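Enquirer: can't give you the sequence, but here's the structure:
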């Protein structure tokens, strides 16, 4: 893991996300109000907004694929756009 200090926060996110039955971004925002979506990428703020968890979501299939955990500087480089569209 590139960011071991975020491991506990990721585990907490995973415990919630794996049990969730989200059908839309609105459903997700009931638990994670700062979640945002860009194309297929669903973005979560992790560890007090210190990191961005980049996921690809299939609402119909009830699947979340974790793509990357990025710092804000890594996120700002927009390399995650490759998963968006």
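Expert: Cool, got the structure. Because the structure is predicted, anything quoted here is derived from the model rather than measured. Residues are numbered from 1 along each chain as shown.
Enquirer: could you list every helix and strand in contact with the one helix or strand residue 69 maps to?
Expert: Residue 69 belongs to strand 63-71 when assigned by DSSP states H and E. Contact partners of strand 63-71 among helices and strands, from 3 or more C-beta pairs under 8 Å, 6 or more residues apart in numbering; DSSP states H and E: strand 41-46, strand 51-58. All C-beta spots, glycine's among them, are computed from the backbone N, C-alpha and C.
Enquirer: parallel or antiparallel, which strands does the longest one pair with?
Expert: What that stands for is strand 51-58. In the sheet, strand 51-58 lines up against strand 41-46 (antiparallel), strand 63-71 (antiparallel) (DSSP bridges).
Enquirer: now render those strands as JSON lines, adding distance to residue 5.
Expert: Listed next are these as JSON lines, based on distance: least, C-beta to C-beta, whole Å:
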{"stretch": "strand 41-46", "distance to residue 5": "11"}
{"stretch": "strand 63-71", "distance to residue 5": "11"}
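Enquirer: so residue 44 bridges to which residues?
Expert: On the basis of DSSP bridges, residue 44 is bridged to residue 53.
Enquirer: so what's it up against?
Expert: 13, 32, 34-35, 52-53, 55 (C-beta atoms under 8 Å, 6 or more residues apart in numbering).
Enquirer: what's the distance between it and residue 82?
Expert: The gap separating residue 44 from residue 82 is 18 Å, by C-beta to C-beta, to the nearest Å.
Enquirer: residue 66 too?
Expert: 15 Å.
Enquirer: out of these two, which sits in the more crowded spot?
Expert: Under the criterion of other C-beta atoms under 10 Å, the comparison of residue 66 against residue 82 puts residue 66 first, with 14 against 9.
Enquirer: check which helices and strands the longest helix along the chain is in contact with.
Expert: Criterion DSSP state H: the longest helix present in the chain is helix 7-17. Packing partners of helix 7-17 (3+ C-beta pairs under 8 Å, 6+ apart): strand 41-46, strand 51-58.
Enquirer: what's in contact with that helix?
Expert: Contact with helix 7-17 is made by 1, 31, 44, 46-47, 51, 53, 64, 69, as judged by C-beta under 8 Å, 6+ apart.
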